[in-house]
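# Fold the following, please.
(2 chains)
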Amino acid sequence: MKEQWRLLHTENNPAYRNMAIDWAVLKANSKGKAPPTVRFYTWRPSAISIGYFQSLKEEIDLEMCKKYGVDYVRRITGGGAVYHEHELTYSIVIPEDHPQISKNIMESYGRICGAIIKGLDHLGIESRYVPINDIVVNGKKISGNAQTRKSRTVLQHGTVLNDVDVDKMFSLLRVSDEKIKDKLIADVKQRVTSIKHILGKEIDFVKVAAAMKVGFEEEFNIELEKGNLTEQELEDSKTFEKEYFSSREWNHKK
Amino acid sequence: MKSKSVYKVPNGKLLKIFLDYNEKNNLINDISVTGDFFAYPEEAIEIIEEKLRSTKLDKKILLERISSIINDGDIEFIGLNAEGLTQGILMCLK
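Okay, the predicted model is just below:
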């Protein structure tokens, strides 16, 4: 019998809650209170997440975020700034010593990205993993990924772009050199793609999530069983949301 | 003196350093290491920032100091390394 992992669907949450849930699931799994878990989620309102080590003011135009009603949050994972609007976001939480997870961080990136690649394949999209943390289709990025390891537990989360508005993204993000902003936008338009762009039509969240579910099941030879957050996870996520992700101290720490 | 550098680590990520240093003796007063790299554990960067205070802005000294902090703390970088971090810091020198 195949190993069963938990599947969570949590759509349309604010940025603070999304990041808090990932951490709460990590905490539960590290204490043996939750099985390996795959979560698919979306963001409402749309939001920018920045990597743990990034400078908030350096990366984000806070005035423009306010103007457009876009949230911002610092992740517990490293990596770069991401504008979350038309996408499926996934997270996976699994013990570091699980036989399916390599001790080697780069290898485990590749393995988890393998699930997304298989999922995209089920949507008719051929993609490949490009280290350090991207998945590309014909050389263009469709997915970015970030991993942390805490309390001997792996959390990796990442995006699968359903559609992308590069102009809006750059109105919210700061660039190091304003003089080259136009060129940068043109470059990014050449280097980023989406499911909609490739297939020529929109695929709704449920269908993308169904494809990704099969991708994870195939990659890890497991069954994903739909479940819910436990009471403790809900409580922890509220605590993390309040004390970290919605706090000025956390988001402005760099 | 306050200074900033932006440095693309070869085969790595974009490093942005904010540095406050004493221009008379070139010692670091305060440093903030930011960017889209990965570090395991994440707290490693705060440790490095703390331990680099009062370190001289000299290539050999910085590289040795950073390498030893990385070894002692069993720190793993992805998209960054001791050489890249040293280079980024030195680029803050006016």
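
# contacting residues for the spatially most central residue of chain B?
Note on chain B: the residue nearest the mean C-alpha position is residue B:85, at 4.3 Å, using CA atoms, centre = their mean. Going by CB atoms under 8 Å, 6 or more residues apart in numbering or on different chains, residue B:85 touches B:15, B:33, B:48, B:66. In this view, the C-beta of every residue, glycine as well, is placed from N, C-alpha and C.

# Throw the residues you listed into CSV and include distance to residue A:181, thanks.
As requested, the contacts of residue B:85 are arranged in CSV below (distance: CB to CB, whole Å):
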residue, distance to residue A:181
B:15, 20
B:33, 25
B:48, 31
B:66, 33
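
# Filter those residues to keep only those in contact with chain A.
Here is what survives when those are matched to chain A using CB under 8 Å from any CB of the partner chain: residue B:33.

# between the contacts of residue B:85, which is closest to chain A?
residue B:33 (6.9 Å; CB to the nearest CB).

# Distance check, that closest one against residue B:88.
8 Å (CB to CB, to the nearest Å).

# Overlap in contacts, these two.
Going by CB under 8 Å, 6+ apart, residues that sit against residue B:33 and also against residue B:88 are B:15, B:17.

# if we can go back for a sec, and the residue nearest to the centre of chain B, what element?
helix B:82-90 (DSSP states H and E).

# Could you check stretch A:101-108 against chain B for contacts?
Yes. Using CB under 8 Å from any CB, stretch A:101-108 reaches chain B at A:105-106.

# now do the same end-to-end measure for that stretch.
Chord length of stretch A:101-108, first to last residue, is 6 Å (CA to CA, to the nearest Å).

# who's residue A:60 bridged to?
Using DSSP bridges, the beta-bridge partners of residue A:60 come out as residue A:173.

# Please tell me I have it right and it contacts residue A:51.
No. Taking CB atoms under 8 Å as the definition, residue A:60 is not a contact partner of residue A:51, at 11.7 Å.

# shared neighbours, those two?
residue A:81.

# re earlier: distance of the residue nearest to the centre of chain B from chain A?
12 Å (CB to the nearest CB, to the nearest Å).

# ok, residues contacting the strand or helix carrying residue A:66?
Assigned by DSSP H and E, residue A:66 belongs to helix A:62-68. Contact with helix A:62-68 is made by A:48, A:56, A:70-72, A:168, A:171-172, as judged by CB under 8 Å, 6+ apart.

# Go again with 7 Å.
A:48, A:72, A:171-172 (CB atoms under 7 Å, 6 or more residues apart in numbering or on different chains).

# Which SSE is immediately downstream of whichever strand or helix holds residue A:72?
Taking DSSP H and E as the criterion, residue A:72 maps to strand A:71-74. Scanning forward in sequence from strand A:71-74 by DSSP H and E, the next helix or strand is strand A:82-84.

# quick one: terminal-to-terminal distance for stretch B:75-86?
Termini of stretch B:75-86 sit 16 Å apart (CA to CA).
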